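> no sequence on hand, only this structure:
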């Protein structure tokens, strides 16, 4: 999101996705689908951004920046989920990460 804001020349302090869009997604994940972590994966953030673009022209501007991410480089301080890796691959972003899991669980998928 930070790279997209930079490309669109949108101040980093501006919220593009309203909490009123994010909260129902988190409720669905934790309250109804049994997930323990309310964190949104990259695809869920992009869907929330797309929904927000219906009423927020800045969110629409950010979506229009997505093709510009192709052939860019990104780095994560933790091992990303397969969902997140897949989204970065679809966007054409070359991603690297530290060999550290986000949580201390014994098993990882």
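Good, I have the coordinates. The shown structure was predicted, so the numbers you read here are calculated from the model rather than taken from an experiment.
> center of this protein, which residue is that?
The residue lying closest to the centre of the chain (CA atoms, centre = their mean) is residue 42, at 3.0 Å.
> would you confirm that that residue contacts residue 89?
No. With contact defined as CB atoms under 8 Å, residue 42 does not reach residue 89; the gap is 10.7 Å. Backbone N, C-alpha and C define where each C-beta goes, glycine included.
> per-residue pLDDT of residue 81, please?
As predicted, residue 81 sits at a pLDDT of 88.
> give me the neighbour count for the closest residue to it other than its chain neighbours.
Leaving aside its sequence neighbours, residue 81 sits nearest to residue 41 (CB to CB, 6 or more residues apart in numbering; 6.2 Å). As a burial measure, residue 41 scores 17 neighbours (other CB atoms under 10 Å).
> what comes up buried for the helix or strand where residue 3 lies?
Here residue 3 is covered by helix 2-8, with elements defined by DSSP states H and E. Neighbour-count burial for helix 2-8 flags 4-5, 7-8 (criterion: 16 or more other CB atoms under 10 Å).
> can you check stretch 76-86 too?
Here stretch 76-86 shows 80, 84-85 as buried, counting by 16+ other CB under 10 Å.
> which of the residues you listed sits closest to residue 47?
Nearest to residue 47 among these: residue 84, at 13.5 Å, using CB to CB.
> tell me the confidence at the closest one?
For residue 84, the predicted pLDDT is 94.
> doesn't it lie inside a helix?
Yes. According to DSSP: H, G, I helix; E, B strand; the rest coil, residue 84 belongs to a helix.
> hmm, it is touching residue 42, no?
Yes. Residue 84 is within contact range of residue 42, at 4.6 Å (criterion: CB under 8 Å).
> mind listing the shared neighbours of those two?
Common contact partners of residue 84 and residue 42 (CB atoms under 8 Å, 6 or more residues apart in numbering): none.
> in the chain, what spans have low per-residue confidence?
103-109 (pLDDT under 70).
> the same query, at a cut-off of 90, please.
36-37, 81, 99-109 (pLDDT under 90).
> quick one: the strands in it?
Secondary structure of the chain (DSSP state E): strands at 73-76, 94-97.
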